[in-house]
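K.L.:
have a look at this prediction, sequence included:
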Amino acid sequence: ETGVTQSPTHLIKTRGQQVTLRCSSQSGHNTVSWYQQALGQGPQFIFQYYREEENGRGNFPPRFSGLQFPNYSSELNVNALELDDSALYLCASSLGLEFAPQAKPNYGYTFGSGTRLTVV
Amino acid sequence: KNEVEQSPQNLTAQEGEFITINCSYSVGISALHWLQQHPGGGIVSLFMLSSGKKKHGRLIATINIQEKHSSLHITASHPRDSAVYICAVRLFIQGAQKLVFGQGTRLTINP
């Protein structure tokens, strides 16, 4: 059983550029969530992808967008990078809604190691 | 006020001490997670709780749904336990599940 793999591990971009981060989900998981973690803070929910569609979004502007592919892997795209976008971006996979409705405690999340993005 | 509050924010203790980290939340949840994050950034899931108590090795997690409170305990703490411990609650909103995280507790265990 493979875990969640994120790439790249580190990235430096210039303000105004665009970036794509990648995440492969754990085998058997069909849902991917993305989180942004600023230094010294807890992660913040960006959005979730389920069945190749965005299914829930946090308080992030439209320049944060994503994709999910038929193999359940996912990309996070950020356009027009700003200095405040510098953070650790975490991806987590889980089992989706048809298998884990509201209060099923047995379905957990598997996290990747993150991509550390620095915008200069 | 954050939906998830952890205390303390920083904790330094000597090897062998009993450690308690607390988490309070203000919303209805479907589950609560305790996570461990090491300096490299990767997050490891320690526990997922919806009621009662769970134990894994030297780690114990409890949750009181009525009081919206959870605790993570570490017995016989060791320097390798040094990490950031994060409490996250699972919410089910408009057909999507998401995690809302606390800010984390930075634990340092000195030999």
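P.N.:
Thanks, I have the structure now. Quick caveat, the model's predicted, so the values are computed rather than measured.

K.L.:
for stretch B:36-50, buried residues please.
P.N.:
B:Gln36, B:Gln37, B:Gly41, B:Gly42, B:Ile43, B:Leu46, B:Phe47, B:Met48, B:Leu49 (16 or more other C-beta atoms under 10 Å in any protein chain shown). All C-beta atoms are positioned from the backbone trio N, CA, C, and that covers glycine.

K.L.:
which two in those residues are spaced the farthest apart?
P.N.:
B:Gly41 and B:Leu49 (24.1 Å; C-beta to C-beta).

K.L.:
out of the buried residues of stretch B:36-50, which are close to chain A?
P.N.:
Restricting the buried residues of stretch B:36-50 to those touching chain A (C-beta under 8 Å from any C-beta of the partner chain) yields B:Gly41, B:Gly42, B:Ile43, B:Met48, B:Leu49.

K.L.:
for stretch A:11-31, measure first residue to last.
P.N.:
With C-alpha to C-alpha, to the nearest Å as the measure, stretch A:11-31 spans 25 Å from end to end.

K.L.:
checking B:Ile86 next. Helix, strand or coil?
P.N.:
Secondary structure state of B:Ile86, per DSSP: H, G, I helix; E, B strand; the rest coil, is strand.

K.L.:
report how many residues lie close to it.
P.N.:
Neighbourhood size, B:Ile86 [other C-beta atoms under 10 Å in any protein chain shown]: 26.

K.L.:
got it, and B:Val84?
P.N.:
B:Val84: 19 neighbours (other C-beta under 10 Å).

K.L.:
which residues does B:Lys53 contact?
P.N.:
The contact partners of B:Lys53, taken as C-beta atoms under 8 Å, 6 or more residues apart in numbering or on different chains, are B:Ile60, B:Ala61, B:Thr62, B:Ile63.

K.L.:
who in chain B is up against chain A?
P.N.:
Residues of chain B that fall close to chain A, judged by C-beta under 8 Å from any C-beta: B:4, B:30-31, B:33, B:35, B:40-45, B:48-51, B:86, B:88, B:92-104.

K.L.:
so which of these sit within strands?
P.N.:
Here DSSP state E is the test, and those give B:4, B:31, B:33, B:35, B:43-45, B:48-49, B:86, B:88, B:92-93, B:96-101 as lying in strands.

K.L.:
returning to what we had before: which of the ones next to chain A among the buried residues of stretch B:36-50 sits closest to A:Phe64?
P.N.:
Closest to A:Phe64, out of all of those and judged by C-beta to C-beta, is B:Gly41, at 19.2 Å.
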